[in-house]
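S.K.: sequence unavailable; structure follows:
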Ligand code: 4AD
Ligand code: MG
């Protein structure tokens, strides 16, 4: 008999098939057992009628426990009332692996209990929907880059130096040297952009975030495009088209999952191109008008980002922050030496920063001075300054945090549910 996936069941109406999966839920009444079977692609109701199966099979179905794995054979019947549109009229059931006292029951559990059982929690409908959306987002990211002829260049994980400041570095032993887990692949992408033109990396990045917030993980995934012969204006255009492309893809392909999450889909449909642009100066004035006590010269805090982004339906591009609050590699604004040619994209509805990027310092002497001013070890960056010695060009790029985008699109208040196995200040298990 043919083994099929539940999502394909519509192609097998009135035919006999075998389904392999796990028992999601069960209900019994007299001569009937209703087994909710899930296989990762969907959930189907399998109806076991006493008159249709051997007595020992009917008996067995009365005892199978939640999440026990099963091979179920029977015929596919149309069923208008079920969300799937089909049910299975069961002929035989075989237990593949027993399960009893499954810890996650249909009752409510606290999030910390669920995170301790993340290896099992992944089977529930909500994490399942979120991670399907995450997978779609990652695919859309790659498709966008491929369509625009960006070359995938993988950045290393062990690095000799800090990219995003020394306060969030994870240090490890590297034989007789010290190494750091990468905070960003950007510096390597700059080297690659000089070789390939348009490039991107997509991988895990690490930050020793020592405070508990709902937007920070210690291990997160970032996609980082970098473009040679590119300025801040072009960089912002690519960033907004990229995010819009991802949003459209999720709306098109993952509507069912958004519904499972009870996401306000209308809010997502209000997003339009182009995204509003605000200079840092404008953002500060706006925030002060809205009652914030933020002063010119400080970075926007999480609360400021929330207040500001709530004013718009689309993500906003805040550009030209003070150089002093940004990383050493940012290019100075030729029109105002206090400012950096950088941009942050803030998601609407208060989901905060999803993208950080900008134009890079491409002058050897200025970059060398910046490295010294930031008290970074020049030796570790010598290779990076070489890029300004041999055919330097204006270039720009950005990094988008996948978990922040998943949180926004899924409507999640906290990033801990956006990644299969979250790593945070107090979480390394499972
Ligand atoms: O703004 P960030 O620090 O920028 C960079 O790392 C640049 N080197 C990227 C580049 O230009 N190639 O980080 C970029 C994005 C943020 O906007 C946010 O979405 C995400 O990475 N991010 C985090 N996500 C989860 N947890 C954390 N601790 C994060 N830190 C940054
Ligand atoms: Mg940032």
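M.R.: Thanks, I have it. What you are looking at is a predicted structure, and each value in this text was computed from that prediction instead of being measured. Ligands and ions are numbered 1, 2, ... in the order given.
S.K.: identify, by residue count, the longest strand of the chain.
M.R.: Looking across the chain with DSSP state E, the single longest strand is strand 16-29.
S.K.: give me the neighbour count for the closest residue to residue 155 other than its chain neighbours.
M.R.: Counting by C-beta to C-beta, 6 or more residues apart in numbering, residue 155 lies nearest to residue 185, which is 2.8 Å off, once chain neighbours are set aside. (C-beta placed from N, C-alpha, C; glycine too.) When neighbours are counted by other C-beta atoms under 10 Å, residue 185 registers 29.
S.K.: ok, the one 3 residues further on next?
M.R.: The local packing count at residue 188 equals 22, with neighbours defined by other C-beta under 10 Å.
S.K.: residue 305 too?
M.R.: Neighbours around residue 305, by other C-beta under 10 Å: 23.
S.K.: my read: residue 423 touches residue 218, true?
M.R.: Yes. Contact criterion C-beta atoms under 8 Å: residue 423 and residue 218 qualify, at 4.7 Å.
S.K.: quick one: which of those two has more around it?
M.R.: Taking neighbours as other C-beta under 10 Å, residue 423 and residue 218 compare with residue 218 leading, 19 against 16.
S.K.: wait, what's in contact with the more buried one?
M.R.: 170, 206, 207, 208, 209, 423, 424, 425 (C-beta atoms under 8 Å, 6 or more residues apart in numbering).
S.K.: including pLDDT, could the residues you listed go into CSV?
M.R.: Shown next, in CSV, are the contacts of residue 218 (pLDDT from 0 to 100):
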residue, pLDDT
170, 97
206, 98
207, 97
208, 96
209, 92
423, 98
424, 96
425, 94
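S.K.: so among these, which ones count as buried?
M.R.: Among those, the ones that count as buried by 16 or more other C-beta atoms under 10 Å are 206, 207, 209, 423, 424.
S.K.: so what's the fourth one up against?
M.R.: Yep, that's residue 423 we're talking about. By C-beta under 8 Å, 6+ apart, the neighbours of residue 423 are 217, 218, 219.
S.K.: got a list of what the first one touches?
M.R.: Taking C-beta under 8 Å, 6+ apart as the definition of contact, the neighbours of residue 217 are 209, 403, 415, 416, 419, 422, 423, 424.
S.K.: list just the nearest of the residues you listed to residue 311.
M.R.: For those, the residue nearest residue 311 by C-beta to C-beta is residue 415; the value is 22.8 Å.
S.K.: correct me, but that closest one touches residue 219?
M.R.: No. Checked against C-beta under 8 Å, the pair residue 415 and residue 219 is beyond contact range at 11.1 Å.
S.K.: compare these two (neighbour count), which wins?
M.R.: residue 415 (23 against 18).
S.K.: next, the closest residue to the more buried one other than its chain neighbours: phi, psi?
M.R.: Excluding its sequence neighbours, the residue lying closest to residue 415 (C-beta to C-beta, 6+ apart) is residue 403, at 4.6 Å. The phi/psi pair for residue 403 (degrees, to the nearest 10) reads phi -60, psi -40.
S.K.: quick one: residue 403 and residue 221 touch, right?
M.R.: Yes. If you go by C-beta under 8 Å, residue 403 and residue 221 touch, sitting 6.8 Å apart.
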